[in-house]
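Trainee: only the shape, not the letters, is given here:
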Ligand code: ZN
């Protein structure tokens, strides 16, 4: 069984809680589909943890840390957080290892009939695919033209399953959070570990055994993370407030 996580965003309390949950479930491989850093107060710690994963995919926040041009569609508070993140990563002895690790990340990875990307198969780093996008059948068709059977992604921080018939399934509509796959092709958004935005402030990730995708939610010490965000002058306070709201 694999665990697929995304959008950790420097939230070490959330990542630690999720990794404990993963460990309790007999998972063999952890795959992260991007945005380990950005927004949150512990980029270095999260990158260190990510080095032990089976695979990590490049996210737009990693790209923005490495390349100036990567921040082109960032809002002010996200860009400030990237500048702050760079300072944290460059200001310590582990900087070289972090940079080497960031440069080793690929935009997409195909393992048999499973594709891993951050945004979507159309544009791995930038494409946002929201649940409401099922109304845009051309977009959904184009996405699925690049999916053999399974695709796992993150980026919007909104978990759920897109199916090739142009429908979207919310995890809360699934019995016990379990989606049983059949002959259809699916793109699964695994949600966010470190900054959930679907109204549920608990960390989100999925496990996958080749048939069933299970959406899992994990409580973590939000107060601790929020305290660290408030204490970092260049991290906007709203980045802490939104963790409490899950939005
Ligand atoms: Zn993200």
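Mentor: Arrived safely. Note that the structure is a prediction, hence the values are computed from the model and not measured. Numbers count the residues shown, from 1 in each chain.
Trainee: which of the residues in the least confident helix or strand in the chain by mean pLDDT are buried?
Mentor: When the helices and strands of the chain are scored by mean pLDDT, DSSP states H and E, helix 95-104 comes last with a mean of 86. Using 16 or more other CB atoms under 10 Å as the test for burial, helix 95-104 gives 98, 101, 102. For glycine as for every other residue, the C-beta is placed from the backbone atoms N, C-alpha and C.
Trainee: would you mind listing what in this structure touches the ion?
Mentor: 7, 35 (CB under 5 Å from the ion).
Trainee: could you find the closest non-adjacent residue to residue 141?
Mentor: Of all residues not flanking residue 141 in the chain, residue 166 sits nearest, at 7.9 Å (CB to CB, 6 or more residues apart in numbering).
Trainee: so where's the longest helix in the chain?
Mentor: Counting by DSSP state H, the longest helix found in the chain is helix 76-90.
Trainee: other SSEs contacting that one?
Mentor: helix 43-50, helix 60-66, helix 95-104, helix 237-245 (3 or more CB pairs under 8 Å, 6 or more residues apart in numbering; DSSP states H and E).
Trainee: between the ones you listed, which gets the lowest average pLDDT?
Mentor: In terms of average pLDDT, helix 95-104 trails the rest of the helices and strands packed on helix 76-90, at a mean of 86.
Trainee: got the angle between it and helix 43-50?
Mentor: With axes from the mean of the first three to the mean of the last three CA atoms, to 10 degrees defining the directions, helix 95-104 sits at 60 degrees from helix 43-50.
Trainee: list the helices and strands the helix or strand just after helix 95-104 packs on?
Mentor: Sequence-wise, the next helix or strand downstream of helix 95-104 (DSSP states H and E) is strand 108-111. Here strand 108-111 touches strand 114-117, going by 3+ CB pairs under 8 Å, 6+ apart.
Trainee: give the rounded mean pLDDT of the strand it packs on.
Mentor: 98.
Trainee: what's the model's confidence in the following helix or strand past it, averaged?
Mentor: Using DSSP H and E, the helix or strand that follows strand 114-117 in sequence is helix 137-144. For helix 137-144, mean pLDDT rounds to 97.
Trainee: which of the residues in helix 137-144 are buried?
Mentor: Under 16+ other CB under 10 Å, the buried positions of helix 137-144 are 139, 140, 143, 144.
Trainee: what does stretch 23-32 give?
Mentor: By 16+ other CB under 10 Å, the buried positions in stretch 23-32 come out as 27, 30, 31, 32.
Trainee: distance between that stretch and the chain's centre?
Mentor: 16 Å (CA atoms, centre = their mean, to the nearest Å).
Trainee: got the end-to-end distance for it?
Mentor: For stretch 23-32, the first-to-last residue distance is 15 Å (CA to CA, to the nearest Å).
Trainee: that stretch - what's its average pLDDT?
Mentor: 96.
Trainee: got it, and stretch 155-170?
Mentor: 97.
Trainee: quick one: end-to-end distance for that stretch.
Mentor: Start-to-end span of stretch 155-170 (CA to CA) is 16 Å.
Trainee: still on that earlier bit, for the least confident helix or strand of the chain, packing partners?
Mentor: helix 43-50, helix 60-66, helix 76-90.
Trainee: swap in 10 Å and give it another go.
Mentor: Secondary-structure packing of helix 95-104 (3 or more CB pairs under 10 Å, 6 or more residues apart in numbering; DSSP states H and E): helix 43-50, strand 55-56, helix 60-66, helix 76-90.
Trainee: now do the longest one against helix 43-50, angle only.
Mentor: For helix 76-90 against helix 43-50, the angle by the same axes, to 10 degrees is 70 degrees.
Trainee: any buried residues in helix 76-90, and which?
Mentor: For helix 76-90, by 16+ other CB under 10 Å, it's 78, 79, 80, 81, 82, 84, 85, 86, 88, 89.
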